[in-house]
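Participant: here is my input, please return the structure:
(one chain, ligands or ions: 2)
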Amino acid sequence: MRKVLFIDRDGTLIKEPHDFQIDAYSKLDFVPHSIPVLLKLKQLGFEFFMVSNQDLLGSENFPLASFQAPHDLMMNVFNSQGISFKEVLICPHGPNEGCSCRKPKVGLFKPTHFEGMDYQKSFVIGDRETDLTLAKNLGVKGIKINQDIGWEPVFVEIVKELNVVTKKRTTKETKIEMTLYKDGRGVFAGKTGIDFFDHMLDQICKHSGLSIDLNAIGDLEIDEHHLVEDIAITLGSSLRDLFDTGAGKERFGFVLPMDETQCLLSIDFSGRPFYQGNFTWQGDLIGNTNVRIYEHFFRSLAMEAKINLHLDVRGKDNHHLCESAFKSLGRCLRQSLTSSTDLSIPSSKGSI
Ligand SMILES: [Mg+2]
Ligand SMILES: [Zn+2]
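Facilitator: Ligands and ions are numbered 1, 2, ... in the order given. You can find the predicted model right below:
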């Protein structure tokens with residue numbers, strides 16, 4: 001899905017002068033860090049649109065030519081530094097003309113601007129209340145910028161929004177609501193009705209630094225299979241979304257000893273699902289639950305997250321076998337997440 005930034009011009013990309021009119025080269029001054037931050041946002045997959053009110057553009061007080069020259073210079077600077085705007089949308093009317101295109105009205109936009117757009121991961125960025133109202137009118141989040149402080153806090157806010165994934169999944173068998181946070185807290189909040197499984201999800205959170213809020217209702221009176229599977233599917237697709245928002249993806253492995261058990265786990269957020277697991281299960285049960293369901297958890301998660309996941313777990317205690325696998329998964333997720341703050345793409349192909 002498309003991630004879009006609708007960006008105001010004056011007071012957001014370039015500084016707004018006291019007379020609100022940039023009609024000479026001498027009035028052109030960039031807002032701090034606009035270029036490096038926009039480059040990082042470009043790497044995260046954002047498209048840029050410029051959306052600007054230019055009061056009475058073309059009138060005697062604001063001739064088109066005196067607007068165009070500094071505007072073109074600004075566009076040349078952005079383009080030459082690798083930042084391009086899909087479109088520049090400008091309302092040239094005055095506040096009293098009653099046009100339909102002056103922000104916060106939405107007359108400048110066409111349906112194609114929103115085609116395939118992810119409303120949760122698209123933003124309006126501007127320096128005025130009208131920009132925030134525009135955001136509300138478009139159904140996206142608005143972020144206010146201070147032209148003296150600049151773009152770095154905007155980047156922090158956008159990344160925070162990108163690092164939350166909420167999913168709902170309802171079938172005849174289960175009802176799952178999950179919010180996954182990349183926040184470094186590592187807290188699992190929720191109950192599945194299977195104490196051991198809660199313990200395992202807690203291990204993933206603790207060892208990855210991810211947090212999960214979970215509301216899950218399943219047909220446990222039949223058995224645990226549907227609930228564990230659907231939680232794996234929901235978590236897997238949430239992880240995939242989370243990793244898609246960062247360009248950094250790497251291959252990781254982790255070896256974890258746990259008393260007599262040793263777990264070897266490796267993952268690659270490759271976009272290609274593959275699962276291979278070897279567990280030396282001792283009998284069929286952990287508590288009252290069949291051990292195979294936890295293997296099924298890893299398989300379902302790998303398929304849905306589109307990762308390569310290899311597991312080799314040897315030991316003599318089913319609790320240890322299972323727990324070491326969940327802990328190792330958490331550890332590998334932590335490493336992958338840390339690396340995704342590095343925005344380079346670790347593949348010789350340049351993309352994954
Ligand atoms: Mg402005
Ligand atoms: Zn207008």
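
Participant: hmm, what's the outermost residue in the protein?
Facilitator: Most distant residue from the mean C-alpha position of the chain: Glu60, 46.1 Å away (Cα atoms, centre = their mean).

Participant: Thr263 belongs to a helix?
Facilitator: Wrong residue type there; residue 263 is Cys, not Thr. No: for Cys263, which was evaluated using DSSP: H, G, I helix; E, B strand; the rest coil, the result is strand, with no helix membership.

Participant: so the nearest residue to it once chain neighbours are set aside: helix, strand or coil?
Facilitator: Nearest residue to Cys263, sequence neighbours excluded (Cβ to Cβ, 6 or more residues apart in numbering): Ser324, at 3.7 Å. Glycine gets a C-beta too; all of them are placed from N, C-alpha and C. Per three-state DSSP, the local secondary structure of Ser324 is helix.

Participant: circling back to that earlier point, phi first, then psi, for the residue farthest from the centre of the chain.
Facilitator: phi -60, psi -40 (degrees, to the nearest 10).

Participant: rewinding a little: list the contacts for the residue nearest to Cys263?
Facilitator: Ser324 is in contact with 256-258, 261-263, 313, 315, counting by Cβ atoms under 8 Å, 6 or more residues apart in numbering.

Participant: who is Cys263 paired with across the strands?
Facilitator: Beta-bridge partners of Cys263, counted by DSSP bridges, are Leu256, Val313.

Participant: so Asn215 sits right up against Ile176, yeah?
Facilitator: Yes: applying Cβ atoms under 8 Å as the test, Asn215 and Ile176 come out as touching, 7.3 Å apart.

Participant: show me the shaky parts of the stretch 251-352 of the chain.
Facilitator: 339-352 (pLDDT under 70).

Participant: just to revisit the earlier point, neighbour count winner among Asn215 and Ile176?
Facilitator: Ile176 (22 against 14; other Cβ atoms under 10 Å).

Participant: spit out the contact partners of that one.
Facilitator: 167-170, 214-216, 230-231, 234.

Participant: filter those to the buried ones?
Facilitator: Among these, the ones that count as buried by 16 or more other Cβ atoms under 10 Å are 214, 216, 230-231, 234.

Participant: adding distance to ligand 1, pLDDT and secondary structure, write these out as JSON lines.
Facilitator: Rendered in JSON lines, the data for those read as follows (distance: Cβ to the ion, whole Å; pLDDT from 0 to 100; DSSP: H, G, I helix; E, B strand; the rest coil):
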{"residue": "Leu214", "distance to ligand 1": "41", "pLDDT": "97", "secondary structure": "strand"}
{"residue": "Ala216", "distance to ligand 1": "45", "pLDDT": "94", "secondary structure": "strand"}
{"residue": "Asp230", "distance to ligand 1": "46", "pLDDT": "95", "secondary structure": "helix"}
{"residue": "Ile231", "distance to ligand 1": "45", "pLDDT": "97", "secondary structure": "helix"}
{"residue": "Thr234", "distance to ligand 1": "40", "pLDDT": "97", "secondary structure": "helix"}
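
Participant: up against ligand 1, what does this protein have?
Facilitator: 8, 10-11, 127 (Cβ under 5 Å from the ion).
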